[in-house]
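**Student:** What shape does this take:
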Amino acid sequence: MNYAKTAGIGAILWLLLLLWVRPDTSHDEWARVLLALAVLVWTPLAFRLLRYPDLYAIGTGLAGGLLAVSLFLPAGLASGTLSCGWLIVGLWSFQRGWLQLRAWHRAPENMAIGAGQAFLLVGCFWAVFDRFGWQPLGFDPAIVLLTAVHFHYAGFIFPLLAGWLQEFSPGYTSRLAALLAILAIPMTAVGITVLQVSGVYWPEALAATLVALSGWLCGLGYLRLAFQKRASVAARIAGVGLACCLFFSMTLAFGYAMRGYYLLDFLNIPSMRAWHGSVNALGVAGFGLMFRRLWSPASAG
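**Tutor:** Numbering: from 1, shown residues only. From the prediction side, this is the model:
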């Protein structure tokens, strides 16, 4: 069993889950479906692209499957216990990410790629919190779940995309995009916590601005790569799709984070879950991992 097969089986299970649950995109069920997509499909695919040993593919798939099942059971001891295997996957990802962070001076793109692997562990912890029904600092259960989803996509997949962009297209812009991606993810967590504890908006707004700027820069970088002469048609489609999804998703995130200053009624948690979450999970992650799979050093030109 390798990671490609694990992701393929995960994709079939996820589609069956989608047909069974038939979720409303504005409700919590949709966030659970998107988290299941991350653990069943996107994480194994990312591990394959990161060249993780196939020896652990079965364990990753099993842990992801148990977490996916637990997401649709009542929160409590049974669900929490089923989800704990995913923490082992997160710890392994953190360990590999830490090794890459230590080697950043030899390959600068390793900093963003390493940070993404390290941040996955945060998402794993919040997924376990959700399944046990725990509410750290009194966070609403919906926020606990959305934090788990956030760190599987914005915390894990997005820094990988920023690091790969720096690898494919070295330069000031891609380096800035990667640096902002690294800084903004923990800043977002701090900003949300400050807002919860004190009601102060500006730290979250600042973090969202940095995330959005990083996303816009990444979108421009991948759009430029997509139109290089040697890019295949499939890579071009993936690159354009990724860029469009990043522009749309990051603009929504920026608008939502500004709600403390300029209230936009249509940007609330249900609409962000439906639009921002869906575009990140299906578009950014899907097109991004597809582009990475299709791109090679020989494609540059």
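**Student:** Isn't residue 269 up against residue 142?
**Tutor:** Yes - judged on Cβ atoms under 8 Å, residue 269 makes contact with residue 142 at a distance of 6.6 Å. Where C-beta positions appear, they are placed from N, C-alpha and C, glycine not excepted.
**Student:** With just CA atoms, put the lowest-mean-pLDDT helix or strand in the chain into CSV.
**Tutor:** Averaged element by element with mean pLDDT, DSSP states H and E, the chain has its least confident helix or strand at helix 269-274 (a mean of 82). The C-alpha coordinates for helix 269-274 follow below in CSV (Å, rounded to 0.1, in the frame of the first residue of the first chain):
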residue,chain,number,x,y,z
ILE,A,269,-19.7,32.1,9.9
PRO,A,270,-22.3,30.1,7.9
SER,A,271,-21.4,31.9,4.6
MET,A,272,-17.7,31.7,5.3
ARG,A,273,-18.0,28.0,5.9
ALA,A,274,-20.0,27.6,2.7
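**Student:** Burial check on residue 221, number of neighbours?
**Tutor:** For residue 221, the neighbour count with other Cβ atoms under 10 Å is 26.
**Student:** mind checking pLDDT for it?
**Tutor:** Note for residue 221: predicted pLDDT of 96.
**Student:** try the one 10 residues further on
**Tutor:** Residue 231 is assigned a predicted lDDT (pLDDT) of 85.
**Student:** That one: what secondary structure?
**Tutor:** Secondary structure assignment for residue 231 (DSSP: H, G, I helix; E, B strand; the rest coil): coil.
**Student:** sec struct for residue 116, please.
**Tutor:** helix.
**Student:** That one against residue 154, yeah?
**Tutor:** No - in this structure residue 116 lies outside contact range of residue 154 using Cβ under 8 Å: 9.7 Å.
**Student:** The least confident helix or strand of the chain - contacts with which helices or strands?
**Tutor:** Using 3 or more Cβ pairs under 8 Å, 6 or more residues apart in numbering; DSSP states H and E, the elements in contact with helix 269-274 are helix 28-37, helix 141-152, helix 233-257.
**Student:** List the contacts of the shortest one.
**Tutor:** Counting contacts by Cβ atoms under 8 Å, 6 or more residues apart in numbering, the residues outside helix 28-37 that touch it are 14, 17-18, 21, 23-24, 67-68, 71-72, 127, 142, 145-146, 148-149, 152-153, 273-274, 277-278, 281-282.
**Student:** Just want to know which of residue 116 and residue 154 has more residues nearby.
**Tutor:** Comparing residue 116 with residue 154 by other Cβ under 10 Å, the one with more neighbours is residue 116, at 29 against 26.
**Student:** Check the gap between the more buried one and residue 122 for me.
**Tutor:** Per Cβ to Cβ, to the nearest Å, residue 116 is found 11 Å from residue 122.
**Student:** Mutual contacts of those two, please.
**Tutor:** residue 155.
**Student:** For the stretch 101-250 of the chain, give me the ranges with low pLDDT.
**Tutor:** When residues are selected by pLDDT under 70, those of the stretch 101-250 of the chain lie in 104-109.
**Student:** Let me know the next secondary structure element after the least confident helix or strand of the chain.
**Tutor:** Under the assignment DSSP states H and E, the closest C-terminal helix or strand after helix 269-274 is helix 276-278.
**Student:** packing partners for that next one?
**Tutor:** Other helices and strands packing on helix 276-278, by 3+ Cβ pairs under 8 Å, 6+ apart, are helix 28-37, helix 233-257.
**Student:** now residue 198: how far from residue 211?
**Tutor:** 21 Å.
**Student:** out of these two, which sits in the more crowded spot?
**Tutor:** residue 211 (24 against 9).
**Student:** Tell me, how many residues neighbour residue 169?
**Tutor:** So residue 169, with other Cβ under 10 Å, has 17 neighbours.
**Student:** how close does the residue lying closest to residue 24 once chain neighbours are set aside sit to residue 146?
**Tutor:** Closest residue to residue 24 apart from its sequence neighbours, by Cβ to Cβ, 6 or more residues apart in numbering: residue 30 at 6.5 Å. Residue 30 is 11 Å from residue 146, where distance means Cβ to Cβ.
**Student:** what residues are shared contacts of those two?
**Tutor:** 273, 277.
**Student:** Comparing these two, which shows the higher neighbour count?
**Tutor:** Of the pair residue 30 and residue 146, residue 146 is the one with more neighbours under other Cβ under 10 Å, namely 23 against 20.
**Student:** And for that one, nearest residue in space, chain neighbours not counted?
**Tutor:** Using Cβ to Cβ, 6+ apart and skipping residues adjacent in sequence, the residue nearest residue 146 is residue 31, 5.9 Å away.
**Student:** got it, and residue 42?
**Tutor:** residue 285 (4.9 Å).
**Student:** just to revisit the earlier point, if you count neighbours, what's buried in the least confident helix or strand of the chain?
**Tutor:** By 16 or more other Cβ atoms under 10 Å, the buried positions in helix 269-274 come out as 269, 271-274.
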